[in-house]
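A.B. asks: Sequence unavailable; structure follows:
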């Protein structure tokens, strides 16, 4: 940011210098032309040649003013008429009017000095130097001729040195101006490129943030609301079947589970809006939430007609885990047990939460039918999102995620999260 501010200040300073030089050029041209016209008027307008000189001077002022005005308007409003392709024709007309004026009076020769700068600005370097040399020779010739010429005062050294030194000074200054202008244009281009790059970077970061937030919400919805709605549908069907069989007690129990699940989903939905931790973790510890999850899983499996014994086992000495760790482990258990209940056809599921010196572990085991972990990504129905979301959650916290399973051999989902400095 400091470098960018410095570049901006340098570019602004260069622009001010260029503006001052350009204004000085125009003011110098106007002053020299006014001085020559004033001397012309002081000598009287009694002859046709004097009137012609005055008309040519006014024409030169008009042409010069029109060219500079068009250039300034285009610089302020680039969409307007661009006079740059016609700049050489404009310069040629200015030089022709100047030649006509110096042919009649030596007072107009000093306009050559601002013309030197114009020639350097408009023409290529080689052409500009040739034009300046020719203009210098014309100035010397005009001074000599109007001073008496071959029949009068001979060519004197000041007549040669004055225009020559003026031309040399104009060349050096003009080249410096051109170099400064080129640097200013490069700084402007770099500044525009930097602004464009920053805008693109900001837009990319914004889009990346949107995608990351969408992925986070997708994981949360899959692990909470979607699982809860699935349970509600399952329990509702079980209650309907119980009512049809006349077992009102079982129907009431199933409806109570539906009510509890719906309340939990409502709390989760409100929690998304607030961006807080899972509601269960706000009321109770992680082990208590996992035990309650095991009980809920058993009840839902029973309602589905596939009894499942689910329990929690603790190893090591429990420690207080960071909130993101607790949320990730609870979501992992929810998603894994939902998969066990839906797809494993298991009789037993065990959630083992272990606290080691350097990491916290959680393994979810079931004795079901197992599956091929490599085939999850290729499922045409789009299932398997829960396992992918677990991988993303663990990776975001620097943890690891592994699945051990094979058809007919059950499944173990293993999670590892670092403790100590890594957890912080």
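C.D. replies: Nice, I can see it. Quantities reported herein were computed from a predicted structural model and do not represent experimental measurements.
A.B. asks: Verify the assumption that residue 315 is located in a strand.
C.D. replies: Yes: Residue 315: assigned to a strand according to DSSP: H, G, I helix; E, B strand; the rest coil.
A.B. asks: Distance check, it against residue 349.
C.D. replies: 17 Å (Cβ to Cβ, to the nearest Å). Where you see a C-beta, it was placed from the backbone N, CA and C, and this is true even at glycine.
A.B. asks: which one of these two has more residues nearby?
C.D. replies: residue 349 (25 against 12; other Cβ atoms under 10 Å).
A.B. asks: where exactly do the helices run in the stretch 201-350 of the chain?
C.D. replies: With DSSP state H, counting those that start in this stretch as the definition, the stretch 201-350 of the chain shows helices at residue ranges 227-244, 248-274, 279-283, 286-304, 323-339.
A.B. asks: Make TSV out of these and add mean neighbour count.
C.D. replies: As requested, the helices of the stretch 201-350 of the chain are exported to TSV (neighbours: other Cβ atoms under 10 Å):
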stretch	mean neighbour count
helix 227-244	18
helix 248-274	15
helix 279-283	16
helix 286-304	19
helix 323-339	22
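A.B. asks: export the ones you listed to JSON lines and tack on mean pLDDT?
C.D. replies: What follows is the helices of the stretch 201-350 of the chain, written out as JSON lines (pLDDT from 0 to 100):
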{"stretch": "helix 227-244", "mean pLDDT": "80"}
{"stretch": "helix 248-274", "mean pLDDT": "77"}
{"stretch": "helix 279-283", "mean pLDDT": "63"}
{"stretch": "helix 286-304", "mean pLDDT": "86"}
{"stretch": "helix 323-339", "mean pLDDT": "87"}
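A.B. asks: wait, which of these is closest to residue 23?
C.D. replies: Of all the helices of the stretch 201-350 of the chain, it is helix 248-274 that lies closest to residue 23, at 61.0 Å by Cβ to Cβ.
A.B. asks: Also compute the angle for the closest one relative to helix 227-244, please.
C.D. replies: 160 degrees (axes from the mean of the first three to the mean of the last three Cα atoms, to 10 degrees).
A.B. asks: Report all helices and strands that helix 248-274 contacts.
C.D. replies: Contacts defined by 3 or more Cβ pairs under 8 Å, 6 or more residues apart in numbering; DSSP states H and E place helix 248-274 against helix 157-220, helix 227-244, helix 279-283, helix 286-304.
A.B. asks: let's see it at 6 Å
C.D. replies: In this structure, helix 248-274 makes packing contacts with helix 227-244, judged by 3 or more Cβ pairs under 6 Å, 6 or more residues apart in numbering; DSSP states H and E.
A.B. asks: Touching stretch 234-253 from outside, list them.
C.D. replies: By Cβ atoms under 6 Å, 6 or more residues apart in numbering, the residues outside stretch 234-253 that reach it are 254-255, 257-258, 303-304.
A.B. asks: Need the distance between the two termini of it.
C.D. replies: 13 Å (Cα to Cα, to the nearest Å).
A.B. asks: same deal with stretch 67-86?
C.D. replies: Stretch 67-86: ends 9 Å apart by Cα to Cα.
A.B. asks: got the contact list for it?
C.D. replies: 26, 90.
A.B. asks: ok so, going back, please tabulate the helices of the stretch 201-350 of the chain in JSON lines, including the columns distance to residue 365.
C.D. replies: Formatted as JSON lines, the helices of the stretch 201-350 of the chain follow (distance: least, Cβ to Cβ, whole Å):
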{"stretch": "helix 227-244", "distance to residue 365": "19"}
{"stretch": "helix 248-274", "distance to residue 365": "25"}
{"stretch": "helix 279-283", "distance to residue 365": "22"}
{"stretch": "helix 286-304", "distance to residue 365": "12"}
{"stretch": "helix 323-339", "distance to residue 365": "10"}
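A.B. asks: from memory residue 265 sits against residue 228, does it?
C.D. replies: Yes: with contact defined as Cβ atoms under 6 Å, residue 265 reaches residue 228; the gap is 3.8 Å.
A.B. asks: mind listing the helices for the stretch 51-200 of the chain?
C.D. replies: 87-104, 112-122, 125-146, 157-220.
A.B. asks: pLDDT value on residue 353, please?
C.D. replies: pLDDT, residue 353: 94.
A.B. asks: before we move on, what about residue 399?
C.D. replies: For residue 399, the predicted pLDDT is 90.
A.B. asks: Can you list the low-confidence ranges for this protein?
C.D. replies: Scanning the chain for pLDDT under 70 picks out 1-21, 74-76, 78-79, 148-156, 219-220, 222-223, 271-283, 376-386, 421-424.
A.B. asks: In stretch 94-114, which residues are buried?
C.D. replies: 94-95, 97-98, 100-102, 104-114 (16 or more other Cβ atoms under 10 Å).
A.B. asks: Repeat that for stretch 26-36.
C.D. replies: 29, 32-33, 36.
A.B. asks: Could you tell me which of the residues you listed belong to helices?
C.D. replies: Using DSSP state H, the subset of the buried residues of stretch 26-36 located in helices is 29, 32-33, 36.
A.B. asks: ok, of the residues you listed, which one's closest to residue 183?
C.D. replies: Using Cβ to Cβ, these come closest to residue 183 at residue 29, 25.0 Å.
A.B. asks: need the contact list for the closest residue to that closest one other than its chain neighbours.
C.D. replies: Excluding the flanking residues, the one nearest residue 29 by Cβ to Cβ, 6 or more residues apart in numbering is residue 114, at 4.0 Å. Counting by Cβ under 6 Å, 6+ apart, residue 114 touches 25, 28-29.
A.B. asks: Out of those residues, which comes closest to residue 288?
C.D. replies: residue 25 (84.6 Å).
A.B. asks: Could you say which helix or strand holds the closest one?
C.D. replies: If you go by DSSP states H and E, residue 25 is part of helix 2-42.
A.B. asks: do residue 360 as well
C.D. replies: With DSSP H and E as the test, residue 360 turns up in strand 359-366.
A.B. asks: and the next helix or strand along the chain from that strand with helix 227-244, angle?
C.D. replies: Using DSSP H and E, the helix or strand that follows strand 359-366 in sequence is helix 385-396. Angle of helix 385-396 versus helix 227-244, following the same axes, to 10 degrees, is 150 degrees.
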